[in-house]
Structure formats: structure tokens, C-alpha cells
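**Student:** no sequence for this one, just the structure:
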């Protein structure tokens with residue numbers, strides 16, 4: 001081998017050695033799988049607005065379905081003798097009037113802007129002229145069972161739309177004797193009716209069920225009727241007579257007065273609820289005994305003094321009433337109109353001479 005060939009072979013070997021000592025190529029990176037970004041958490045569903053009827057109950061100032069607000073209310077005579085307890089449907093009344101009758105006992109007139117959904121009402125008792133007058137002040141349809149001779153004369157001469165469980169014709173069919181009450185309370189305390197039966201009869205169109213055009217019984221209501229500057233009145237006692245005392249104890253949790261009578265809670269036998277009211281009004285008036293039975297004449301027109309209770313407070317008020325076909329008007333001592341709290345009312349009409357009122 002000559003020197004030239006050897007030199008070429010050595011050069012090739014050196015080149016190969018240098019190539020083997022070079023940096024190895026880095027491997028290709030593995031492809032990264034692409035993922036979509038996580039969606040944002042869903043926004044919470046907004047709470048639906050509570051449904052509020054578009055109408056207003058003229059007896060309470062609370063919302064009600066518009067179809068009811070122009071109806072004539074139903075006024076039911078409720079027996080309130082101790083032997084007749086429990087009453088039925090009284091806790092569902094929009095307004096309760098309690099007024100003395102003969103012998104120191106009291107009776108109640110329950111007003112209902114609608115009787116729809118009210119299962120039982122009673123026991124139903126007889127009419128007295130001043131209860132008829134109270135019903136007329138609301139343009140109400142009057143429900144009763146019998147009445148004094150004067151009351152019957154008034155029902156005729158005043159052309160009162162009424163349903164009678166004693167001398168009625170077709171209207172008497174809305175009443176029946178409850179067998180349990182007949183057994184436990186006695187025959188005279190067993191006559192009852194129901195919202196369903198009353199509505200069935202009203203559906204026969206014997207008389208108008210809506211107020212005539214132009215009728216107005218305006219009473220102002222506010223959400224909180226607690227009188228400004230009122231005296232503390234969390235426990236109210238109304239002594240109608242030696243026979244009957246009513247109590248009204250304020251419950252701050254519900255902002256209502258809880259009613260008691262005959263030494264215990266006044267409980268509705270139909271609903272099981274204690275009778276209560278947002279507004280309690282005690283109106284003083286004149287009374288007079290008419291006969292040896294002890295029937296009374298009770299003044300419900302004109303004017304007089306009273307006391308308004310709401311929110312655990314009390315203020316003196318004035319009441320006035322133009323005539324039997326107009327509602328009561330209530331004013332504060334400075335002449336401003338009284339605004340009631342939104343809710344039901346319990347109105348006690350007492351003798352300014354023989355009844356008593358105390359509170360603390």
C-alpha cells in the first residue's frame with residue numbers, strides 16, 4: 001500500500017470517529033391532546049316573585065282577587081253563648097262586631113268579603129235591629145235564623161236582602177242542624193250553614209251580589225297601623241257585662257291580638273285556630289232596655305268616643321255614622337282620619353254606662 005492510499009484511509013477513519021462523537025438528535029416531543037376549557041358554572045335560577053292578587057279587600061286592605069273586591073259582603077249572625085261554644089268559621093271573618101243583647105249576653109256579626117272556601121258557619125242565631133243596621137252599613141247580605149218582632153219589621157221596611165233559617169222559604173234550605181252540636185250543645189245551638197250553601201243560593205240571583213255603582217265604604221289601611229305616640233296596650237280587657245268579658249292579648253311575633261273569652265282561648269271549632277285580629281276597636285255608645293225580656297236598643301248612628309288598639313298600642317278615637325246605610329267613620333282626636341293596619345278587625349260596641357274597658 002503506498003503512502004498516499006494510507007493517508008486517505010486514515011482521514012476517512014478520523015471523519016467517521018468525529019461523527020460518532022456528535023450530539024444525538026433530541027426526540028420529537030409527543031403531541032399534547034387539546035381539551036376544551038371548562039364551562040363556567042351555571043347561574044342560579046332567580047327566585048320567582050310571590051304572586052300578589054291585583055285587587056284589594058275593602059274590609060281588610062289586603063290583596064285579593066279582583067273578582068271579589070266589588071262583591072257585597074256576607075254578614076252572619078253568630079251565637080256567642082257559653083253553651084254554644086265553639087263557634088264555627090268566626091276566625092275567618094274579615095270583620096267581627098260583638099255587641100250586647102238581652103240578659104248581658106253578646107252576639108257577633110261576622111263579615112266576609114267572600115265566603116268561598118269557608119266550610120262551616122255557626123251556630124246561626126236571630127236578628128236584632130242594630131245588627132241589621134251594622135250589616136246595612138256595609139251593603140251586606142244578611143244571614144240569620146229568626147229575629148225579634150222589631151227586627152222582622154225592619155227587614156221588611158228597610159228591604160234588606162237576607163237569608164233566614166227560621167221563617168225563610170227556599171233560603172232556609174241553606175241551613176241544617178248539625179248532629180254533633182245538637183247532641184253536645186243542644187237543639188237551639190245547632191243550626192249551621194256553609195260558604196258553599198250560601199254561594200249556591202246567591203247563584204240563583206235572588207238579589208244583587210255586587211255593590212251598585214257609586215257605592216263607597218272607604219277605609220284607609222296601612223301596612224303597620226301601630227298608632228304613633230300610643231299608650232302601651234298589650235293586654236286589653238272589655239267587660240261587656242257581668243256575664244261576658246273579652247280579652248285581647250298582643251302577640252308580637254304575629255303582630256295580632258289573640259282573643260279569649262269565658263276564661264280561655266277563643267278557638268274556632270271549624271278551623272281549630274284561636275280567633276285573632278290585627279285591629280281592635282272599642283266603641284262606646286248608648287243602650288237602653290226595651291222590654292221585660294231585656295231586649296236592647298243600641299245606638300249605632302250619630303257619634304261617640306272609642307279606643308283603637310293595634311301593634312300593642314292604644315289611642316283614643318272618635319266614631320261617627322251618618323245613618324244606617326253608611327259605614328262608620330273613625331278619626332283621631334285631632335280630626336285626622338284613622339288608618340287601620342292591613343288585616344282583620346274586631347269591633348266591640350259597648351255601653352258607655354254599664355260596660356268597662358281596661359288595658360296595660
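**Tutor:** That came through, no problem. Computed from a prediction, not measured in an experiment: that's the story for all the values here.

**Student:** contacts and neighbour counts: CA atoms only from here.
**Tutor:** OK.

**Student:** gap between the nearest residue to residue 116 once chain neighbours are set aside and residue 161?
**Tutor:** In space, residue 116 comes closest to residue 195 once its chain neighbours are excluded; the distance is 5.6 Å by CA to CA, 6 or more residues apart in numbering. As judged by CA to CA, to the nearest Å, residue 195 and residue 161 stand 17 Å apart.

**Student:** Could I get the contacting residues of residue 234?
**Tutor:** Residue 234 makes contact with 248-251, 312-313, 359-360 under the criterion CA atoms under 8 Å, 6 or more residues apart in numbering.

**Student:** from these, which is closest to residue 175?
**Tutor:** Closest approach to residue 175 among those (CA to CA): residue 248, at 31.4 Å.

**Student:** Are there helices or strands packed against the strand or helix carrying that closest one, and which ones?
**Tutor:** Using DSSP states H and E, residue 248 sits in strand 245-251. Where contact means 3 or more CA pairs under 8 Å, 6 or more residues apart in numbering; DSSP states H and E, strand 245-251 is packed against strand 235-239, strand 256-261.

**Student:** mind listing what that strand pairs with, with the direction of each?
**Tutor:** Here strand 245-251 is paired, per DSSP bridges, with strand 235-239 (antiparallel), strand 256-261 (antiparallel).

**Student:** how far does the helix or strand that the last one is followed by sit from the chain's center?
**Tutor:** For strand 256-261, the succeeding helix or strand toward the C-terminus, using DSSP H and E, is strand 264-265. Averaging C-alpha positions (CA atoms, centre = their mean, to the nearest Å) puts strand 264-265 20 Å from its chain's average.

**Student:** Can you list the strands that the helix or strand following strand 264-265 pairs with?
**Tutor:** On the C-terminal side of strand 264-265, the nearest following helix or strand under DSSP H and E is strand 276-277. With DSSP bridges as the test, strand 276-277 is paired with strand 256-261 (antiparallel).

**Student:** Please compute how far the partner strand lies from its chain's middle.
**Tutor:** 14 Å.

**Student:** Report the mean confidence score over the strand holding residue 248.
**Tutor:** Here strand 245-251 scores 98 as its mean pLDDT.

**Student:** what separates it from the chain centre, distance-wise?
**Tutor:** On CA atoms, centre = their mean, the centre of strand 245-251 falls 18 Å from the chain's centre.

**Student:** Residues contacting that strand, please?
**Tutor:** Contact partners of strand 245-251, identified using CA under 8 Å, 6+ apart, comprise 233-240, 256-262, 311-312.

**Student:** Would you show me how to pick out the buried ones of the residues you listed in ChimeraX?
**Tutor:** Listed next is the ChimeraX selection for buried residues among those, using 16 or more other CA atoms under 10 Å:
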select :233,234,235,236,237,238,239,240,256,257,258,259,260,261,311,312
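
**Student:** what about the closest residue to residue 273 other than its chain neighbours, neighbour count?
**Tutor:** Distances taken as CA to CA, 6+ apart put residue 267 closest to residue 273, at 5.5 Å, once the chain neighbours are dropped. Using other CA atoms under 10 Å, residue 267 has 23 other residues around it.

**Student:** How confident was the prediction at residue 267?
**Tutor:** Reading off the confidence values, residue 267 has pLDDT 98.

**Student:** mind listing what it touches?
**Tutor:** With contact taken as CA under 8 Å, 6+ apart, residue 267 is in contact with 86-87, 91, 273-275.

**Student:** now it, which residues is it bridged with?
**Tutor:** Applying DSSP bridges, one finds that residue 267 bridges with residue 274.

**Student:** Give me the neighbour count for residue 328.
**Tutor:** Counted with other CA under 10 Å, residues neighbouring residue 328 total 22.

**Student:** and if you look at the one 10 residues further on?
**Tutor:** Here the number of neighbours of residue 338 (other CA under 10 Å) works out to 20.

**Student:** hmm, back to that, measure the residue nearest to residue 116 to residue 224 for me?
**Tutor:** 30 Å.

**Student:** Who has more neighbours out of the two?
**Tutor:** Neighbour comparison, residue 195 and residue 224: the larger count goes to residue 195, with 19 against 15 (by other CA under 10 Å).

**Student:** Would you confirm that that one contacts residue 113?
**Tutor:** No. With contact defined as CA atoms under 8 Å, residue 195 does not reach residue 113; the gap is 11.4 Å.

**Student:** ok so, going back, residues in contact with the residue nearest to residue 116?
**Tutor:** Shown in contact with residue 195 (CA under 8 Å, 6+ apart): 115-121.

**Student:** So what touches stretch 283-292?
**Tutor:** The contact list for stretch 283-292 (CA under 8 Å, 6+ apart) reads 295-300, 304-307, 319, 347-353.

**Student:** can you pull the contacts of residue 136?
**Tutor:** Per CA under 8 Å, 6+ apart, neighbours of residue 136: 160, 324-326.

**Student:** now, which of those residues sits nearest residue 219?
**Tutor:** Closest to residue 219 out of the contacts of residue 136 is residue 326 (12.1 Å), distances taken as CA to CA.

**Student:** Which residue is the nearest non-sequential neighbour of that closest one?
**Tutor:** Per CA to CA, 6+ apart, closest to residue 326 is residue 137, 4.6 Å.

**Student:** now, which of the contacts of residue 267 sits nearest residue 166?
**Tutor:** Checking the contacts of residue 267 one by one against residue 166 (CA to CA), the nearest turns out to be residue 87, at 19.3 Å.

**Student:** and that closest one, how many neighbours does it have?
**Tutor:** 25.
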